[in-house]
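Enquirer: Sequence and predicted structure below; questions after.
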Amino acid sequence: MLLFRIEKFLRETGMPWTKFGRLATHDPRFVQDLRNGRMPRTTTAKRVEHFMNSYRETPRAV
């Protein structure tokens, strides 16, 4: 389920859920809406998966 993968991503990266929503979908309430039962469209879910994969592949400055 998409929400479980997002929650894992948030734990791994330490990213706030509002920032994730803004970066992945331009909607800061996206994660909260999923937690409240929202079902994303297939295209939105694919965009979110792409964002998480791209974010993990991008080197971060420490």
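Expert: Looks like it arrived, so ask away.

Enquirer: mind listing the helices in this protein by residue range?
Expert: Ranges of helices in the chain, per DSSP state H, are 2-13, 17-25, 30-35, 42-57.

Enquirer: Switch those over to TSV; also include mean pLDDT and mean neighbour count.
Expert: In short, each C-beta sits where N, CA and C put it, glycine included. As requested, the helices of the chain are exported to TSV (pLDDT from 0 to 100; neighbours: other Cβ atoms under 10 Å):
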stretch	mean pLDDT	mean neighbour count
helix 2-13	97	14
helix 17-25	98	17
helix 30-35	98	17
helix 42-57	95	13
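
Enquirer: Identify the residues contacting the nearest residue to Thr13 once chain neighbours are set aside.
Expert: Among residues not flanking Thr13 along the chain, Tyr55 sits closest, at 7.1 Å (Cβ to Cβ, 6 or more residues apart in numbering). Taking Cβ atoms under 8 Å, 6 or more residues apart in numbering, we find Tyr55 in contact with 9, 13, 23.

Enquirer: for the residues you listed, which one is nearest Gly37?
Expert: Nearest to Gly37 among these: Phe9, at 19.7 Å, using Cβ to Cβ.

Enquirer: residue contacts, the spatially closest residue to that closest one that is not a sequence neighbour?
Expert: Counting by Cβ to Cβ, 6+ apart, Phe9 lies nearest to Met52, which is 5.0 Å off, once chain neighbours are set aside. The contact partners of Met52, taken as Cβ under 8 Å, 6+ apart, are 5-6, 9, 24.

Enquirer: Now tabulate the residues you listed in a markdown table and tack on distance to Arg47.
Expert: A markdown table is the format used below for these (distance: Cβ to Cβ, whole Å):
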| residue | distance to Arg47 |
| --- | --- |
| Arg5 | 13 |
| Ile6 | 12 |
| Phe9 | 14 |
| Ala24 | 7 |
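
Enquirer: with these in mind, which one is nearest to Arg35?
Expert: Looking across those and measuring by Cβ to Cβ, the closest to Arg35 is Ile6, at 9.5 Å.
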